[in-house]
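S.K.: return atomic coordinates for the entry below.
(2 chains, ligands or ions: 2)
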Number of protein chains: 2
Amino acid sequence: MADGGGEPDQLAGERATAQFDVDGMKVAWAGSRHAVEVADRMARLVASDPVFRKDIRTMLSRKELFKDTLKKAAHAWKRIVELRLTEEEANLLRLYVDQPGYVDLHWGMFVPAIKGQGTEEQQKKWLPMAYKFQIIGCYAQTELGHGSNVQGLETTATFDPSTDEFVMHSPTLTSSKWWPGGLGKASTHAVVYARLITEGKDYGIHGFIVQLRSLDDHSPLPGVTLGDIGGKFGSGAYNSMDNGVLRFDHVRIPRDQMLMRLSQVTREGKYVHSDVPKQLLYGTMVYVRQTIVADASKALSRAVCIAVRYSAIRKQFGSQDGGPETQVLNYKTQQSRLFPLLASAYAYRFVGQWLKWLYTDVTQKLEAKDYSTLPEAHACTAGLKSVTTSATADAIEECRKLCGGHGYLNSSGLPELFAVYVPACTYEGDNVVLLLQVARFLMKTVAQVATGKQPVGTIAYMGNIQHLMQCKSAVNTAEDWLNPAAIKEVFEARALRMAVNCAQNISKAPSQEEGFSELSPDLLEAAVAHVQLIIVTKFIEKLQEDIPGPGVKEQLQNLCSIYALHLLHKHLGDFLSTGCVTARQGALANELLGKLYAQVRPNAVALVDAFDYTDHYLGSVLGRYDGDVYPALYEEAWKDPLNETVVPDGYQEHLRPLLKQQLKLSRL
Amino acid sequence: MADGGGEPDQLAGERATAQFDVDGMKVAWAGSRHAVEVADRMARLVASDPVFRKDIRTMLSRKELFKDTLKKAAHAWKRIVELRLTEEEANLLRLYVDQPGYVDLHWGMFVPAIKGQGTEEQQKKWLPMAYKFQIIGCYAQTELGHGSNVQGLETTATFDPSTDEFVMHSPTLTSSKWWPGGLGKASTHAVVYARLITEGKDYGIHGFIVQLRSLDDHSPLPGVTLGDIGGKFGSGAYNSMDNGVLRFDHVRIPRDQMLMRLSQVTREGKYVHSDVPKQLLYGTMVYVRQTIVADASKALSRAVCIAVRYSAIRKQFGSQDGGPETQVLNYKTQQSRLFPLLASAYAYRFVGQWLKWLYTDVTQKLEAKDYSTLPEAHACTAGLKSVTTSATADAIEECRKLCGGHGYLNSSGLPELFAVYVPACTYEGDNVVLLLQVARFLMKTVAQVATGKQPVGTIAYMGNIQHLMQCKSAVNTAEDWLNPAAIKEVFEARALRMAVNCAQNISKAPSQEEGFSELSPDLLEAAVAHVQLIIVTKFIEKLQEDIPGPGVKEQLQNLCSIYALHLLHKHLGDFLSTGCVTARQGALANELLGKLYAQVRPNAVALVDAFDYTDHYLGSVLGRYDGDVYPALYEEAWKDPLNETVVPDGYQEHLRPLLKQQLKLSRL
Ligand SMILES: Cc1cc2nc3c(=O)[nH]c(=O)nc-3n(C[C@H](O)[C@H](O)[C@H](O)COP(=O)(O)OP(=O)(O)OC[C@H]3O[C@@H](n4cnc5c(N)ncnc54)[C@H](O)[C@@H]3O)c2cc1C
Ligand SMILES: Cc1cc2nc3c(=O)[nH]c(=O)nc-3n(C[C@H](O)[C@H](O)[C@H](O)COP(=O)(O)OP(=O)(O)OC[C@H]3O[C@@H](n4cnc5c(N)ncnc54)[C@H](O)[C@@H]3O)c2cc1C
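M.R.: Ligands and ions are numbered 1, 2, ... in the order given. This next block holds a predicted model:
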């Protein structure tokens, strides 16, 4: 949607060729008519508020940028309170403010940690303060020396029965907390993960609520060293966040600030488990990963929206006869690079919607003390987090390249989008480490299937092992690939056969562990195959729902086929080497892809319009709704500080002497 | 090499396990003992000079950064003159200064353009001034509206016989020159490409030497509008360069500033061709692309060097029994992601060395008026530019991810390395546009082979079409893949069969042009297959030379196998679908890869030491020669401007009121 303005719409012609109801697609994308309406309202609220301007963000110094973030956070909170926004509205408002800051960790990690790991009493004490921002909290887990391996953290929390306190301490340099967002400058409190030591025994990693700064003047409390860990990838981007370093020098906190829902230390220093099962923590994890998958579809759809619109505006070559040049969106290579990314944005969106359902399902089962589906939910969310974030990071950069030279300018919005997005591949679980967890689950399932146990949920297909190990695809014409059942069968067969291959190769090794380690590169590939199957399946299932609006379902069917077939083409080696498809069937899939791209072409701009992003949120002169790209690019350029003077600072000292042959040489 | 310092070497253990002579490898990498010596000397010269410090570069504002670049450029020139450095030495000095700036375009594009396209007279007039920096020149081709399609440029140069001048003019907004490096603030002159119009006729694009700024006070000349086009990807990175915008309002230049080697406009305004063949321009192109391939190996090897050293230092998981944790370099997944990139760095280095030879060869043939090999040289260099830069951009980002969270910090050096590198995929020919040119050449060659014509150079293998279309690989054990002939055969067969497939499919289309356009996504893949074959072949040929030093050749043989086999694995779909290998042979290749990684492992650190980079040039706390990573990370953090105060700027205005519940709300 346009933010306003009155330029003639240069993309009107593109919009006129759409063969579907864009409003209907907006509903399918957002999830409901209500969701469209709220998102639209919040997006406009942000776009129209001068405090939320972000067009010169990449030009700010680190200090200015951080101050700007504090300002925006406070202003957003003011608006949330003033307008009495619901939680849904407030979350969307923060989304559209689109600037990483301490509030993300406060709401996204600190509050959930207390909710998930705090006792009812602790929740009653801390949450109201957090809800009102009387305190600002962050999530301090990672250390300089340990990230992925949480069990290796070195910070200690030693119980001192003489004072009924824990002593928080950083015994080594590598035990310094390092990375927590909001820690460096903004937070007053943190949930700190540390080795619990009592009665001389190390009970491993536990969470503690620790006050870090004075509530009077914000200065660090005695014994607490705090700072920012320095600049990060990109200009603007994640530099608005104060990822921090924290060291403790024997800092004392009351015993009751240990998060005690799962286990406690008694007044006497005894370590005891509560009767709350630790599986409860899985709920939070599923929740967090669901939001990460949803974020992947947001980031990817923004990049795709920019690249599609600009590709429709950009013309290059093809006017031998003096006619207009060709829109680069008409080049088949541009389509074959871009449309699979468009399809992926929709695929991730729908699997994200399904994950929301899964979260509710897991929560209900946990409440009913049914833990049977947890390993599956864990593997599935870990896998989806890994695959969607890795692919999105690559896709944003591909979208940037699809915009040619101009994509390299900050004013295109794409460099910042990339730089701010890529750490999603690392935080909340390094993507490779997560895929290895998925692989372990796959190996376990293969073993269980052999014993006749029936797998559930997203891995249920493995129960169909008899058929899937020997089936041959019946596809005989390109159009046969339009059949979802044909797609599903080959994706299931591929995933299963890769997993079984790995299991067989592992079994030849001296030990299971050695085999797993030796085979781990192959296991990564098997895990990816499994996760891609999940995404394809959820897209297909979405299309079995009622999707209102003329032409909407047809477009989504095209995108679903493109999503699946471009994966088949990209990973053709998997499908061929496991005998799931023949070379001829692979060629037919490729042939169909070409036809599908041609069908998407007239709908491409409308398909990105359906994301319903404001120009403010997109933050890209190339992705402007009205397509009026060139004057905007030109205008943006002059804002650069270098253009404040015609003759640059440094001319007198460093250019003039050179040009005038007056460099002072020390003849040697 | 270390820059100095006296820390104990934490990587000494790794260095001790090397099974080859590192000095010998340095020679193989650099090309000769002399090259090692000069590079080493220049690198140390730069590293020891405080003016060339770059550790806080990412923290500078755009204006500070630009001024710093002017300073470094002047200082480098001063040192070059003072020390009477040779051209080879001067080039290396500039390389190690490692900061993009106007000098790159001055030496890399402006001077070569005059050399290549200027008459002898013009060269005599302009080159001495350029050599002494009495003038600074840039290369102004790209416009806001046209980059890839040079023939579509809109700037006009209209000859006015009444004054014997050309009138340079920018008739539209999109005709603004846009992107030329050094144009925005530094250059006094430019080679400007514009449509030559004389006697009312448009003769297409020609080059003109145009003065832009006063040599007295650097102000733009009348009618000339100049500025910087704004911030670009990353902090630091390419923002040291003043990519610029330029508009002409009827600016007059003398007729003799048209570059007249190939064609002239006479005093009367007649357009005439000289007898110099335009093929001469190819020489420059081969030269420029050769430097880009060489740069790819430099950028990639820097990233790999950082990731390998840090992976040897970083420990995570695996200490169940209280022993030390596992170096992440020991994980097979880390190896399978990293070692192919290490192998690629060597592969690109050697193909770059070969391209230097090709340049000499082309130059000699041009002098002898033998143009027969030009199309092949053109396709080969276009393809190598495209494939090596795309792969290098991806690889740098993969190296960053391989460093986990810390890779996201600017102090790791990797974000800047990525941001400064990626435009290589776009400038000097968009990589997709270049691959399509390669594909056209392939289609032409396939057609010629059918008529019995014998192809030459890197495409000679296509002459062997009888054998390659029907051969079956004889590989029967994993070790059979160690045989270079076995590798070469399947890479040749794959490339040829993909090209022939495309040609056959094109021939089914209504017209050749339509077919080419429809098939263009497949043609890209065929082009990549052809180029990968070239790189593999040149690596194999390198190993047929005498390579002194104990163990050196053995290591390179391993890397060559890894390079080829990881491609075979990655593109297995190509090899299987064209019937070049069987699924079993593919699995054997994969099996061998695992064994080869194990052989590289003890040599990994020494293999990156052989690049002989100073800590200054690497610019990464993670890639330090001595491996003393953690104290360095910790120290770097405190340099961030945000850490100047403990309580951040903005606390009083934006944090305190929030925390004290004193936000001024306008109750609605
Ligand atoms: C922008 C950003 C924000 C962050 N915010 C927070 C925050 O708010 N709070 C917080 O506590 N932390 C935060 N983190 C830290 C983040 O959670 C860690 O960086 C992440 O867990 C990865 O751990 P690592 O950095 O130790 O990577 P490492 O584990 O050191 O990874 C290095 C390499 O080793 C590989 N590797 C590691 N283990 C294995 C294995 N077993 N097998 C195979 N390969 C392996 C990895 O794949 C990777 O290639 C943040 C990080 C970033 C970048
Ligand atoms: C950092 C940097 C420095 C530069 N320095 C200079 C300089 O010093 N001097 C100078 O003159 N220029 C310079 N340039 C400009 C550069 O040469 C152009 O950006 C480059 O040629 C690409 O052209 P473009 O930007 O017009 O891309 P476009 O051609 O607009 O590309 C956009 C998209 O269209 C696709 N496309 C275009 N044509 C076709 C086709 N026929 N078939 C299929 N797909 C197609 C491309 O693949 C791409 O995906 C620089 C650019 C950058 C980023």
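S.K.: element containing the closest residue to A:Ser301 other than its chain neighbours?
M.R.: Spatially, and ignoring its direct neighbours in sequence, A:Ser301 is nearest to A:Ala345 (4.1 Å; C-beta to C-beta, 6 or more residues apart in numbering or on different chains). Placement of C-beta: from N, CA and C, glycine included. Following DSSP states H and E, the helix or strand that holds A:Ala345 is helix A:332-367.
S.K.: so which elements touch that helix?
M.R.: Taking 3 or more C-beta pairs under 8 Å, 6 or more residues apart in numbering or on different chains; DSSP states H and E as the contact definition, the neighbouring helices and strands of helix A:332-367 are helix A:281-313, helix A:374-402, helix A:520-542, helix A:552-570, helix A:583-600, helix A:604-609, helix B:431-450, helix B:520-543.
S.K.: and the ones you listed: which comes nearest ligand 1?
M.R.: Proximity to ligand 1, assessed across the helices and strands packed on helix A:332-367 by C-beta to the nearest ligand atom, is greatest for helix A:520-542 (6.9 Å).
S.K.: and the closest residue to A:Ile306 other than its chain neighbours, what does it touch?
M.R.: Spatial nearest neighbour of A:Ile306, chain neighbours left out: A:Gly623 (3.3 Å); criterion: C-beta to C-beta, 6+ apart. A:Gly623 makes contact with A:Arg302, A:Cys305, A:Ile306, A:Ala307, A:Arg309, A:Tyr310, A:Ser412, A:Gly413, A:Asp615, according to C-beta atoms under 8 Å, 6 or more residues apart in numbering or on different chains.
S.K.: for A:Phe611, which three-state class applies?
M.R.: Applying DSSP: H, G, I helix; E, B strand; the rest coil to A:Phe611 yields a three-state assignment of coil.
S.K.: per-residue pLDDT, it?
M.R.: The predicted local distance difference test score for A:Phe611 is 98.
S.K.: for chain B, state which of the contacts of A:Gly623 is nearest.
M.R.: The shortest distance between chain B and any of these, using C-beta to the nearest C-beta, involves A:Ser412 and amounts to 9.3 Å.
S.K.: so what's the closest one closest to, chain neighbours aside?
M.R.: Closest residue to A:Ser412 in three dimensions, ignoring its sequence neighbours and counting by C-beta to C-beta, 6+ apart: A:Leu622, at 4.7 Å.
S.K.: wait, does stretch A:507-526 contact ligand 1?
M.R.: No: counting by C-beta under 6 Å from any ligand atom, ligand 1 has no neighbours in stretch A:507-526; the shortest distance is 6.9 Å.
S.K.: for that stretch, give the mean pLDDT please.
M.R.: Across stretch A:507-526, the average pLDDT comes to 97.
S.K.: and the contacts of it?
M.R.: Contacts of stretch A:507-526 (C-beta under 8 Å, 6+ apart): A:432, A:435-436, A:439-440, A:442-443, A:495, A:498-499, A:501-502, A:505-506, A:574, B:331-333, B:335-336, B:590, B:594.
S.K.: of these, grab the buried ones for PyMOL.
M.R.: Only the buried members of those end up in this PyMOL selection, burial being decided by 16 or more other C-beta atoms under 10 Å in any protein chain shown:
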select buried, (chain A and resi 432+435+436+439+442+443+495+498+499+501+502+505+506+574) or (chain B and resi 331+332+333+335+336+590+594)
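S.K.: returning to that earlier point: what is the orientation angle of the helix holding A:Ala345 with helix A:552-570?
M.R.: Orientation of helix A:332-367 against helix A:552-570 (axes from the mean of the first three to the mean of the last three C-alpha atoms, to 10 degrees) gives an angle of 100 degrees.
S.K.: buried sites along helix A:332-367?
M.R.: A:332-356, A:358-359, A:362, A:365-366.
S.K.: that one vs ligand 2: in contact?
M.R.: Yes: in this structure, helix A:332-367 sits against ligand 2 according to C-beta under 6 Å from any ligand atom; the contacting residues are A:Thr333, A:Gln334.
S.K.: quick one: mean pLDDT for that helix?
M.R.: With pLDDT averaged residue by residue, helix A:332-367 scores 96.
S.K.: now it, how far from the chain's geometric center?
M.R.: What separates the centre of helix A:332-367 from the centre of its chain is 12 Å, taken as C-alpha atoms, centre = their mean, to the nearest Å.
S.K.: could you measure from the residue nearest to A:Ser301 over to A:Glu428?
M.R.: Taking C-beta to C-beta, to the nearest Å as the measure, A:Ala345 falls 21 Å from A:Glu428.
S.K.: can you tell me the SS state at the spatially closest residue to A:Ile197 that is not a sequence neighbour?
M.R.: If the residues on either side of it in the chain are set aside, A:Ile197 comes closest to A:Thr158, at 4.4 Å by C-beta to C-beta, 6+ apart. A:Thr158 falls in the strand class when you classify it by three-state DSSP.
S.K.: now A:Ala12: how far from ligand 1?
M.R.: Between A:Ala12 and ligand 1 the distance, using C-beta to the nearest ligand atom, to the nearest Å, works out to 40 Å.
S.K.: likewise A:His571?
M.R.: Spatial separation of A:His571 from ligand 1 under the definition C-beta to the nearest ligand atom is 21 Å.
S.K.: now the helices and strands packed on helix A:332-367 in JSON lines, with distance to B:Phe491?
M.R.: Converted to JSON lines, the helices and strands packed on helix A:332-367 look like this (distance: least, C-beta to C-beta, whole Å):
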{"stretch": "helix A:281-313", "distance to B:Phe491": "33"}
{"stretch": "helix A:374-402", "distance to B:Phe491": "25"}
{"stretch": "helix A:520-542", "distance to B:Phe491": "22"}
{"stretch": "helix A:552-570", "distance to B:Phe491": "20"}
{"stretch": "helix A:583-600", "distance to B:Phe491": "18"}
{"stretch": "helix A:604-609", "distance to B:Phe491": "37"}
{"stretch": "helix B:431-450", "distance to B:Phe491": "15"}
{"stretch": "helix B:520-543", "distance to B:Phe491": "4"}
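S.K.: and those helices as a markdown table, adding distance to ligand 2?
M.R.: A markdown table is the format used below for the helices and strands packed on helix A:332-367 (distance: least, C-beta to the nearest ligand atom, whole Å):
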| stretch | distance to ligand 2 |
| --- | --- |
| helix A:281-313 | 7 |
| helix A:374-402 | 4 |
| helix A:520-542 | 26 |
| helix A:552-570 | 17 |
| helix A:583-600 | 13 |
| helix A:604-609 | 14 |
| helix B:431-450 | 4 |
| helix B:520-543 | 7 |
